[in-house]
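Asker: Sequence and predicted structure below; questions after.
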Number of protein chains: 2
Amino acid sequence: MDITPPQSNVDVLIIGAGPSGLMCANALGKAGVNARIIDKRLVKIAAGQADGIQPRTIEVLQSYGLADRLLQEGNQMHMAAFYNPGKDGGIELTARAPDVTAPTARYPFEVTLHQGAIESIFLDSMRTYGVKVERPIVPTRMELSSNPSELLDPQAYPVKVTVQHSDDSHPERQAEVIHAKFVVGADGAHSWVRKTFGIEMQGEQTDYVWGVVDFTPDTDFPDIRNRCVIHSDSGSCMVIPREGDKVRLYIQLADPKVKENLTLDGRVDRSKIGPLDILEAARRALHPYRIETPEKFDWWTLYIIGQRVASKYSVHERVLIAGDACHTHSPKAGQGMNASMNDTHNIAWKLAYVLRGWADVSLLQTYEFERRQYAQDLISFDKKFSTLFSGKPKSELNLDGVSHDDFMQAFQTFGGFTSGIGVHYAASPIVASHSKHQHFASRLIIGERMPPQTVLRTADSRPVELQDLLVSDTKLKLLLFLGDLSNEDQFAVVETFARELTIVLESFAGNEWKEMFEIVTISIGRKSDLKFTGVPAMLRSHWTKVFIDDCDVTETKGGHAYDAYGVDVQGAAVVVRPDGYIGCVASLESAEPVDQYLSDFLRKRS
Amino acid sequence: MDITPPQSNVDVLIIGAGPSGLMCANALGKAGVNARIIDKRLVKIAAGQADGIQPRTIEVLQSYGLADRLLQEGNQMHMAAFYNPGKDGGIELTARAPDVTAPTARYPFEVTLHQGAIESIFLDSMRTYGVKVERPIVPTRMELSSNPSELLDPQAYPVKVTVQHSDDSHPERQAEVIHAKFVVGADGAHSWVRKTFGIEMQGEQTDYVWGVVDFTPDTDFPDIRNRCVIHSDSGSCMVIPREGDKVRLYIQLADPKVKENLTLDGRVDRSKIGPLDILEAARRALHPYRIETPEKFDWWTLYIIGQRVASKYSVHERVLIAGDACHTHSPKAGQGMNASMNDTHNIAWKLAYVLRGWADVSLLQTYEFERRQYAQDLISFDKKFSTLFSGKPKSELNLDGVSHDDFMQAFQTFGGFTSGIGVHYAASPIVASHSKHQHFASRLIIGERMPPQTVLRTADSRPVELQDLLVSDTKLKLLLFLGDLSNEDQFAVVETFARELTIVLESFAGNEWKEMFEIVTISIGRKSDLKFTGVPAMLRSHWTKVFIDDCDVTETKGGHAYDAYGVDVQGAAVVVRPDGYIGCVASLESAEPVDQYLSDFLRKRS
């Protein structure tokens, strides 16, 4: 009897099929990378769990062609309402304010949709790339080679993972040994991958105990379809409207019964406290509004907030952890799933570049550098926000309490952060140092995501959202603001730049540079007379990539790109990373700064 | 041996599965009407044919939830370019202008997509309602009962249609006798249904011979992605960009070779003239621009313009004809497929009402009344436009020719017509006479389609396009502009109106009036403080139907509905037909005008 389990090779093995793992699998599938994704659960989750999608995450999903379905199926939160203790002992509306306070957000709202539906969007998309989740598969053993040359060779298989299959046709567990070039551990807060490598979580558990209930409410509360932050004398409560008529309530549980039922490891004993207890606490906070007890709850949970970040995000850049596996925090700002999906959105293109031989393994160091810093910032923010949220309202009896003004100020200050729009990656091999060139596009901040703007396609005067040209297809996008080509001097500058740029791009990718780079030009001109054929041929791979900064035929959209981006008539060259973040800004005077930026992380052809 | 063919019953039998028949089948399927659709062709067409979708037709498709896919797959024409003889003997750009000149168009462009792709959109949608095309089935005999009581009884089956099946499993032809309550003949220009009932086509054949070629061009013509109207000294030509990189050229063929090859019935002999001849004519018109001969043409045809309308559109309202079966005209204004689809969009809800017993068979008379008038207007327009289009350019040698200014004036004057936006149905039982009430919503013209406008959903401040509430679900929409409900007098008026309206609606549909009517309210107020629960309960079936005329959280969308619609603070009640056309405008002072309007075509419950 042969006891050697079957062996197999794969470029990337993803462990865990939650939002983080699925984002990774879909992105790698779209990039044509050989990847497998396994999950220990028999079926995907059906309800509850995380469900808030931030404006920036919607932009990211759109870059994969997945936002339409999200917007169709999900609920949108445009407005936030703030309730505080009123004169009659109950709560009253203090103010309403936009839920999203990031002025450049393309989608000025958050979307709520249950995690299972979000996962389905990825699963359906992945299928078109030939990738599907293999389940249930439990990893049982993982070893990483300690051979330095193997660790640095992108074509080596330094990770050996033993897994156990179990499916209907093979009810007995079957072992398989998978040899992977890279492993992404997206296996949740209790990550087996993280524990296997002894990576520790740093940070604290808080005292706050929270209850969550999902149901379809019968209520006379007039803001039940807005995100509500309710500070009452009977505790704090948050209302999150959801798809259809559903609503989620987050309620702070101050009841002594809760504290009494804390288990030794700090969890809440779910056999003692149930959704009716949580609803009862919400009812006290919502007084004088009524809220009926529903026939059923779609989902409910209890938790104590922990705010922790993994001490490191990778082991020799060959095993990377992402999502809840490396950060846990309060769900109230709706960050969890967003941070998790954006972790692997950050990883995917880098893995593709390394596996294709375009970049060294060291490129993957930028993953921890960028995403761990983000998680730490997130936790600092979360601590401040949670304290304000859980605090008692300020009153004559409680002068130390949290005033509405304190809360509103925090809500708005952190708007860029909670929307995901304000994420700023620090200088690294893939983010040029703030240089003397930033001023050529003074409002395209190096290290931040490329903001949206409508431009006009020269050949057919169709208004196009520039972000829609930044597809997550692993290409580096060169946005060339060419200025006014009817000016002969400018045309000469552009022609010279075009020649130099060709040499630069070919130095990285030879004649096939269009596999690695995409050039988009945006000129100054009027749709009434400009000809798309006027742009130098080398800079127009196709008529659909030639634009002008002009308004559309209705004179209502477009025409503000140069202004909004801080570009003037001399133009600018902007390199946008495959994940939509601005890597470099340069002038058109020379292609040298672009060459320098790209050389920091791309291999030159010998 | 039994020679009696199998017999079957159906409520509506649709003959012909082109755009007209498919629109009908999809609409009836969505309405839950028992319908079958048959076609004599073995498979649907794959390329070529009609391919232009007007702005109004996009709105209509959107009302069935079908516009997203059309917009995703199709090309958009935003701009029209006009070329005329230049100084050097070739053509030169005279001007560009918006392709669509209807200011209220929700989609300010036309979409081009080949007919097969458009048909697929309907076929996929129909499938979700359980309707599919049965093919190949050829109708061979049709008889209509002459019994007057049967003709007036909506539940009778007065039409007997004998058809011949032939499919792979039954290669021999098999007969079936279908007993139908109603038949819709959407079987094209050579309609068998029309001929069976001896309905004649009235109008003329023109002298103009046109060639059409579809291909992917290699050219330096800078307006190849715009709709172009080219008047050259070597003939007229029209460029219609299509999906992907494809283009369609329409070329007037003045070559004597063409005239010589006219067959006796006025058709062109396709064995003598081919796509290369057509392209050669285009090449002469496009000089000095080059256009290469492609490796293949995707489709091509030759035709002589006929401008004819059927003498009648129905036989006793039990057999109705639609689409090319009742009107043929020049394709240059892109009207054909649009007129055809809008014919059956007009029929579908009326058939549903009659079959449900909500209205008498006579309601169907409004189909011919509305759509035949439209077809006649279309042909008048087409005659003028064709003459201008085919005419020689004005020059010093040809002072009687068509000047660019003549053409532009016509192009813009007819903008409302060519976009489909300006369609105006005359007074009838379903279009209230212009009454003393029109001024309550002075810019919602009775008989025209409900124009778009962004309104804000009160409960969650989500901006919503009002047209998206006018789903083609066969319900009559009551748009109630309630004014400012914080004004006590206004609130009292609204409360009284609500009580009266309930009685009116129940008089037509009893307690189940929500099956027939949908109420949408639009109040005056601010999103910062208004509560959706403030609208009288009878007027809010659901929180998603309560709106305010305010701008969204970004302060960029919405807030202009009252102004754009010409409604003032006293409010208005507007009844929109299930096909999106305004049937009646009234004040809130009394529900009597609404009652009167509805009584003209709906049956009262006894």
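Answerer: Ah, there it is.

Asker: residue ranges with poor pLDDT in chain A?
Answerer: A:1-2, A:46-48, A:50, A:167-173, A:207, A:255-256, A:259, A:262-267, A:330-334, A:434 (pLDDT under 70).

Asker: Enumerate the residues of it near chain B.
Answerer: Selection of chain A residues close to chain B by CB under 8 Å from any CB of the partner chain yields A:68, A:75-79, A:93, A:95-96, A:98-100, A:108-109, A:220, A:222, A:224-226, A:241, A:245, A:459-463, A:527-529, A:531-534, A:543, A:552-554. (Glycine included, C-beta is placed from N, CA and C.)

Asker: What subset of those residues is buried?
Answerer: Buried by 16 or more other CB atoms under 10 Å in any protein chain shown: A:75-79, A:93, A:96, A:98-100, A:108-109, A:222, A:224-226, A:241, A:245, A:459-463, A:527, A:531-534, A:543, A:552-553, out of the residues of chain A next to chain B.

Asker: domain assignment for chain A?
Answerer: According to automatic domain parsing, chain A comprises the domains A:7-75+A:112-202+A:309-374, A:203-307+A:381-419, A:438-599.

Asker: got the contact list for A:Leu71?
Answerer: A:Ile58, A:Tyr107, A:Val111 (CB atoms under 8 Å, 6 or more residues apart in numbering or on different chains).

Asker: Buried residues, stretch A:507-523. List them.
Answerer: By neighbour count on 16+ other CB under 10 Å, the buried set for stretch A:507-523 is A:Phe508, A:Ala509, A:Trp513, A:Met516, A:Phe517, A:Glu518, A:Ile519, A:Val520, A:Thr521, A:Ile522, A:Ser523.

Asker: what's the answer for stretch A:176-185, then?
Answerer: For stretch A:176-185, burial by neighbour count (16+ other CB under 10 Å) applies to A:Glu176, A:Ile178, A:Ala180, A:Lys181, A:Phe182, A:Val183, A:Val184, A:Gly185.

Asker: now swap in stretch A:476-484 and tell me
Answerer: By neighbour count on 16+ other CB under 10 Å, the buried set for stretch A:476-484 is A:Leu476, A:Lys477, A:Leu478, A:Leu479, A:Leu480, A:Phe481, A:Leu482, A:Gly483.

Asker: Can you tell me which of those lies closest to B:Asn84?
Answerer: A:Leu482 (30.1 Å; CB to CB).

Asker: Skipping adjacent residues, who's closest to the closest one in space?
Answerer: A:Ser523 (4.6 Å; CB to CB, 6 or more residues apart in numbering or on different chains).

Asker: partner residues bridging the one you found?
Answerer: Beta-bridge partners of A:Ser523, counted by DSSP bridges, are A:Gly483, A:Ile548.

Asker: right, and it touches A:Arg457 too?
Answerer: No: checked against CB atoms under 8 Å, the pair A:Ser523 and A:Arg457 is beyond contact range at 11.6 Å.

Asker: Can you pull the residues that touch both of the two?
Answerer: A:Val546, A:Phe547.

Asker: For the residue of the stretch 301-450 of chain A found nearest chain B, which non-adjacent residue is closest in space?
Answerer: Closest to chain B within the stretch 301-450 of chain A is A:Gly415: 12.0 Å, counting by CB to the nearest CB. Closest residue to A:Gly415 apart from its sequence neighbours, by CB to CB, 6+ apart: A:Thr101 at 2.9 Å.

Asker: Then A:Ala509?
Answerer: Nearest to A:Ala509 is A:Met516, by CB to CB, 6+ apart, at 4.3 Å.

Asker: so which residue of the stretch 251-400 of chain A comes closest to chain B?
Answerer: A:Tyr289 (10.0 Å).

Asker: Of the buried residues of stretch A:176-185, just say which sits nearest to chain B.
Answerer: A:Val184 (31.6 Å).

Asker: Confirm that the closest one sits in a strand.
Answerer: Yes: counting by DSSP: H, G, I helix; E, B strand; the rest coil, A:Val184 falls inside a strand.

Asker: so which strand or helix has the residue lying closest to it once chain neighbours are set aside?
Answerer: Distances taken as CB to CB, 6+ apart place A:Ile14 nearest to A:Val184, at 4.7 Å, with adjacent residues excluded. A:Ile14 belongs to strand A:7-15 when assigned by DSSP states H and E.

Asker: helices or strands up against that strand?
Answerer: Other helices and strands packing on strand A:7-15, by 3 or more CB pairs under 8 Å, 6 or more residues apart in numbering or on different chains; DSSP states H and E, are helix A:19-30, strand A:35-38, strand A:159-167, strand A:170-185, helix A:336-355.

Asker: Just say which of those is most tucked in.
Answerer: Counting by mean count of other CB atoms under 10 Å in any protein chain shown, helix A:19-30 has the highest mean neighbour count of the helices and strands packed on strand A:7-15, with a mean of 29.

Asker: which other helices and strands contact that one?
Answerer: Checking 3+ CB pairs under 8 Å, 6+ apart, helix A:19-30 ends up next to strand A:7-15, strand A:35-38, helix A:115-128, helix A:336-355.

Asker: hmm, 10 Å instead?
Answerer: Applying 3 or more CB pairs under 10 Å, 6 or more residues apart in numbering or on different chains; DSSP states H and E, one finds that helix A:19-30 makes contact with strand A:7-15, strand A:35-38, helix A:55-63, helix A:115-128, strand A:133-134, strand A:170-185, helix A:336-355.
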